[in-house]
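In: sequence-free structure coming up:
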C-alpha cells in the first residue's frame, strides 16, 4: 500500500518562501504522476501542480505559475514543492496525491497524504 507523508508547512510572511516535501513509501512503483493540491478554509480542494514519472514533465495551475516549482528526487521517492513569493491567498492545507493515470485531476487521484498546513500572514 502506497503511503504519502507531507511536511514543510508552517507560518510565513507574504513574499516569503517554503518548500514542501512529499515522501512516498510502500508500493512506490504504482503511480504514473504525483501532484500537489490545496484546500483553503471554506473552499473546495484545487489542483496546484503535477509531475509525471515517465519524463518528469510538469504542469502548474495559473494562480501559482512562475512562483511555485515542483520537482522529484527519484532516489528518495520524494516530491517537492518550492513555493516563492507567497501570498495570503496561498493559505491552505496542501496535499500530495498519486495517480496511475498520466496526468493529475482532483477526481482521478488514487492515494492521498494527510496534508500540511501553510499559512501566509503578516
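Out: Structure's in. What do you need? Bear in mind that the values here come from a model prediction, so they are computed numbers and not experimental data.

In: and the residue sitting nearest the centre point of the chain, what does it touch?
Out: What sits nearest the mean C-alpha location of the chain, by C-alpha atoms, centre = their mean, is residue 36, with 2.3 Å. Residue 36 makes contact with 20, 22, 47-50, 70, 79, 81, 94-96, according to C-beta atoms under 8 Å, 6 or more residues apart in numbering. All C-beta spots, glycine's among them, are computed from the backbone N, C-alpha and C.

In: how about the nearest residue to residue 33, chain neighbours excluded?
Out: Of all residues not flanking residue 33 in the chain, residue 52 sits nearest, at 4.7 Å (C-beta to C-beta, 6 or more residues apart in numbering).

In: can you give me the pLDDT of the one you found?
Out: Predicted confidence (pLDDT) for residue 52: 95.

In: what do you get for residue 27?
Out: 71.

In: just for the protein, where's the confidence low?
Out: Low-confidence segments of the chain, defined by pLDDT under 70: 28.

In: what ranges do the helices span in it?
Out: Using DSSP state H, no helices are assigned anywhere in the chain.

In: if we can go back for a sec, how many neighbours does the residue nearest to residue 33 have?
Out: Counted with other C-beta atoms under 10 Å, residues neighbouring residue 52 total 20.

In: that one and residue 100 touch, don't they?
Out: No - proximity of residue 52 to residue 100 does not meet the contact threshold set by C-beta atoms under 8 Å, at 11.6 Å.

In: how about residue 24, nearest residue that isn't a chain neighbour?
Out: In this structure, residue 24 finds its nearest non-sequential neighbour in residue 77, 4.4 Å apart by C-beta to C-beta, 6+ apart.

In: isn't the one you found up against residue 22?
Out: No - look at residue 77 against residue 22 with C-beta under 8 Å: they stay out of range, at 9.3 Å.
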